[in-house]
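Engineer: Just a sequence and a predicted model for now, questions to come.
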Amino acid sequence: MLFAIPFNLWATHNRAGEITYKQTGELTFKITVITYTSTGPEPVADRPELEVQFGDGTKASVPRIEQVYLPDYYKRNKYVWEHTYPGPGTYQIVVEDPNRNRGVKNIPNSVNVVFSIKTILVINPGMGNNSTPILLNPPIDKAALGYTFIHNPAAFDPDGDSLSYKLAICTAENGKEIAGYTFPPFSDSLVVDERTGDLIWAAPTEVGKYNVAMTIEEWRHGVKIGRIQRDMQIEVYTTDNQPPVIEGTGRFCLLAGQSFIQTITATDPNGDSINLSASGGPLSLEINPAQFRQITSSPGRATGSIRWNTDCTLVRKQPYQIIIKAKDLNSELQLIDSKNFEILVICPRVENLMADPYSSYVTLTWNPAPCANAAGYRIYRKTGTAFYDPGQCETGLPAELGYTMVKEVRGHSSTQFMDTNGGKGLEQSIDYCYRVVAFFDDGAESIASGEFCTRLVRGYPLITKVSVKTTDPETGQIELGWRKPGPDQLKDAKGPYVYQIYRSENLFGQNGILIDSLQNLEDTSYLDKGMNTAGKYWSYTLELWNREPGNNFRIGEPQVASQVDLRVESYHRSLKLILQKNVPWKNEKYVIYRQTGNREDSIGVTAGLEYFDRGLLEGNTYCYRVKSTGSFEDLGVSNLINYSQISCAVPIDTIPPCPPILTVTSVCDSLSNRLLWNNVNDSCCSDAAFYRVYYRNSLEGDLLRIDSVSPADKTEYWHFPEKTMAGCYAVSAIDSVGNESILSNVVCVDDCINYSLPNVFTPNGDGINDLLKPNPYNRVEKIKLQVFSRWNTLVFQTEDPEINWDGKHIRTGRTVSPGVYYYVCDVYEHRLTGIVPRYLTGFIHVLYSDLSGRGK
């Protein structure tokens with residue numbers, strides 16, 4: 001008995017609606033409900049307030065803040081409420097209203113079917129903040145029997161997320177699909193274009209009222225992050241009128257800074273006058289909005305114009321959409337045609353890419369992207385040219401061109417990069433071709449830069465040896481060797497000549513220090529002594545100078561070469577040898593030597609830069625040296641032998657297991673949380689021995705270790721929190737020597753919401769159901785309950801969660817009269833974010849019979 005709201009006194013009224021939201025804080029959202037209702041001509045129900053269910057067990061009566069009267073007895077109602085959620089999760093927001101229209105032909109007994117709309121809200125800190133798209137085209141148009149009907153919601157996502165669309169079934173109570181619902185009849189098809197959002201009904205075959213729903217899903221980086229649903233009514237009429245026709249439209253792309261100028265023409269086969277309008281994201285922007293105006297209108301023809309001046313702030317991955325609507329002004333029935341423009345705003349290409357080659361690497365520079373809001377740059381390389389000239393609408397680089405992304409650098413001002421092939425060095429005699437693409441945080445990319453191709457410079461004198469002779473932290477020695485320049489290199493230099501040798505504490509000759517100068521051109525070797533070859537690695541730059549008086553200059557480009565550097569990592573009963581080098585020749589193989597006493601034995605050969613020595617004894621020290629063999633193939637110079645330093649290590653397992661993957665389920669009946677994770681030994685490691693469980697009772701703060709679980713094949717844990725089930729959990733894996741993995745994914749759960757009031761009690765003194773008490777509950781700090789009579793008189797209030805109302809009036813002390821009473825209650829519950837109030841409303845039936853026979 002809902003006496004306070006006499007729903008049945010008025011005609012039904014709901015025609016369409018949707019729920020959207022805007023994130024305003026970490027867990028706070030401004031939720032907007034839009035409904036389109038009938039205003040007549042018969043008396044209809046009105047809703048100054050609507051109840052919104054937020055999906056977290058709470059709800060609120062939300063006031064209307066705006067109503068706009070539209071043609072054809074439509075009214076647009078707007079309800080806004082700000083709500084804070086208890087924590088990350090997925091929530092279904094639902095609004096229900098008993099008043100769905102009578103006579104909807106594809107909903108059985110529609111007058112008795114609840115009208116509902118729903119939206120899925122996902123709070124995922126890993127994906128960032130999110131707001132739903134807003135729907136800018138109201139669903140108020142009419143359809144004509146036998147003619148195609150088109151509706152596009154003009155969805156605009158302020159975050160630039162990708163949108164997809166699909167046809168859906170209308171919903172009833174709790175947002176569930178209506179039983180017996182059927183899609184409207186059609187002669188050809190009823191579809192929703194999943195990319196553009198066009199709902200196309202081709203074509204209605206029966207007159208009447210029909211309801212359809214459209215789901216709009218949001219995607220970010222390939223992950224679905226939200227969903228809204230529009231329920232809309234379409235009225236089909238029989239008429240001699242024919243809808244107007246819009247000419248043209250299509251897909252366009254603009255470089256940021258260009259203007260979009262387009263003329264739209266619509267014609268009407270009946271010669272009716274036409275009204276043109278436009279909706280869509282570009283027209284609703286606060287800065288640089290698009291402008292639309294109707295230019296001409298004459299019987300059977302109208303023209304309009306769109307103008308949009310773009311800039312870099314409008315660059316995004318997803319195209320903008322402008323919906324053009326042509327509505328004829330027929331006196332019998334006004335019909336529409338709808339077409340859409342898609343406009344992609346693109347960052348212009350990066351200009352002035354330059355490549356400066358050296359003997360084993362290339363340095364790249366380029367101008368900053370024309371758009372200062374670019375997040376950074378992607379550098380691409382391929383062998384040989386691609387002969388590719390991108391068009392204005394082509395962004396990034398197609399995979400079939402064969403480019404490899406070698407680096408992504410962040411920052412608009414990060415406009416240089418040294419390509420060392422990941423520290424391996426590039427190869428001689430190869431054409432390396434580069435392009436640069438600017439990228440944006442939402443995934444948008446600029447047009448690719450022009451291509452710049454280069455070859456490594458040969459450099460001379462030709463270095464052939466950088467070999468560690470002695471490994472020592474203080475008295476280390478490295479042998480250098482090179483080939484004497486030939487006559488061709490010296491033809492413009494008469495001498496005398498000087499070799500200058502620079503040493504650098506890195507692989508690529510940077511920040512070199514002059515260590516010696518050799519006056520004899522015949523000198524082709526050098527022994528560098530007295531430095532740390534045990535803990536550091538070195539490279540050398542060799543320059544040849546012409547010291548002719550009055551004609552002093554460096555001859556050609558110098559060459560850089562490094563030693564082969566050997567590093568050893570400890571593992572369980574094994575050691576991993578890692579090599580790095582920067583040499584202008586090509587190393588074909590590496591021979592691995594392990595020292596045993598005073599002997600050095602070859603234990604393996606590899607062509608790569610890593611080698612595992614397995615089956616070792618933990619605690620023993622093992623020492624290694626590596627011999628490289630290489631050549632300048634194109635010069636016929638081969639058998640270049642160089643040695644690394646000696647490196648030692650002890651096999652000790654220092655590598656932690658991989659982290660588990662955790663799920664947590666709240667079991668409300670037992671007031672516990674069940675943790676489940678995978679056995680990491682079955683997937684990504686083999687030596688995990690047990691697990692540690694971590695917990696905190698709030699969203700923020702440090703996770704504290706609360707327990708351990710063993711052995712490794714036991715992957716379940718039950719936690720029985722003392723005060724609240726709300727909390728966050730993580731699990732780590734530990735191996736037999738104590739290495740602990742990084743923490744698993746952190747999973748947060750909220751407290752079970754179970755505080756509710758019964759709807760009837762009988763305070764008649766018989767000892768049975770004499771007191772109003774809540775249903776079984778837990779984790780409630782306090783309440784604020786007020787009970788009112790049907791005349792809005794306060795009859796009872798308390799802050800005690802147990803309530804224990806005996807039916808006595810708060811002022812008179814007498815038992816209240818039998819009847820229905822309305823209550824409001826704030827329940828203060830333990831949640832992830834702390835003590836959070838939850839708003840309850842409802843009705844209580846007071847039933848009893850007194851000695852006079854009153855009541856029942």
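Structural biologist: Received, thanks.
Engineer: where do the helices sit along the chain?
Structural biologist: With helices called from DSSP state H, the chain shows them at 281-284, 487-490.
Engineer: deepest of the ones you listed, which one?
Structural biologist: helix 281-284 (a mean of 21; mean count of other CB atoms under 10 Å). C-beta here means a position set from N, CA and C on the backbone, and glycine is covered the same way.
Engineer: helices or strands up against it?
Structural biologist: The contact analysis (3 or more CB pairs under 8 Å, 6 or more residues apart in numbering; DSSP states H and E) places helix 281-284 against strand 320-328.
Engineer: Provide the strand pairings for the strand it packs on, with the direction of each partner.
Structural biologist: Sheet pairing of strand 320-328 (DSSP bridges) gives strand 274-280 (antiparallel), strand 336-346 (antiparallel).
Engineer: which one of the helices of the chain lies closest to I810?
Structural biologist: The closest of the helices of the chain to I810 is helix 281-284. By CB to CB, the value is 51.7 Å.
Engineer: pLDDT below threshold where in the stretch 251-400 of the chain?
Structural biologist: Within the stretch 251-400 of the chain, no stretch has pLDDT under 70.
Engineer: quick one: the strands in it?
Structural biologist: 251-255, 259-267, 274-280, 291-298, 301-309, 320-328, 336-346, 354-357, 362-365, 376-383 (DSSP state E, counting those that start in this stretch).
Engineer: Of those strands, which is nearest G40?
Structural biologist: Of all those, it is strand 320-328 that lies closest to G40, at 21.2 Å by CB to CB.
Engineer: Give me the buried positions along the closest one.
Structural biologist: Within strand 320-328, the residues scored as buried using 16 or more other CB atoms under 10 Å are 320-328.
Engineer: List just the nearest of those residues to Y611.
Structural biologist: Y320 (54.6 Å).
Engineer: Surely the closest one is in contact with L283?
Structural biologist: No: using CB atoms under 8 Å, Y320 makes no contact with L283, being 9.7 Å away.
Engineer: residues contacting W308?
Structural biologist: W308 is in contact with 259-261, 282, 288-291, 343, counting by CB atoms under 8 Å, 6 or more residues apart in numbering.
Engineer: Buried subset of those residues as a PyMOL selection?
Structural biologist: Only the buried entries of these go into this PyMOL selection, using 16+ other CB under 10 Å:
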select buried, resi 260+282+290+343
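Engineer: which one of the contacts of W308 is nearest I134?
Structural biologist: Taking CB to CB as the measure, I134 lies nearest P282 of the contacts of W308, at 13.0 Å.
Engineer: which residues does L344 bridge with?
Structural biologist: Using DSSP bridges, the bridge partners assigned to L344 are C253.
Engineer: Show the contacting residues for it.
Structural biologist: 251-254, 319-320, 393.
Engineer: repeat for T90
Structural biologist: Contacts for T90 (CB under 8 Å, 6+ apart) come out as 120-123.
Engineer: one more time with 10 Å
Structural biologist: Residues near T90 by CB atoms under 10 Å, 6 or more residues apart in numbering: 55, 120-124, 226-227.
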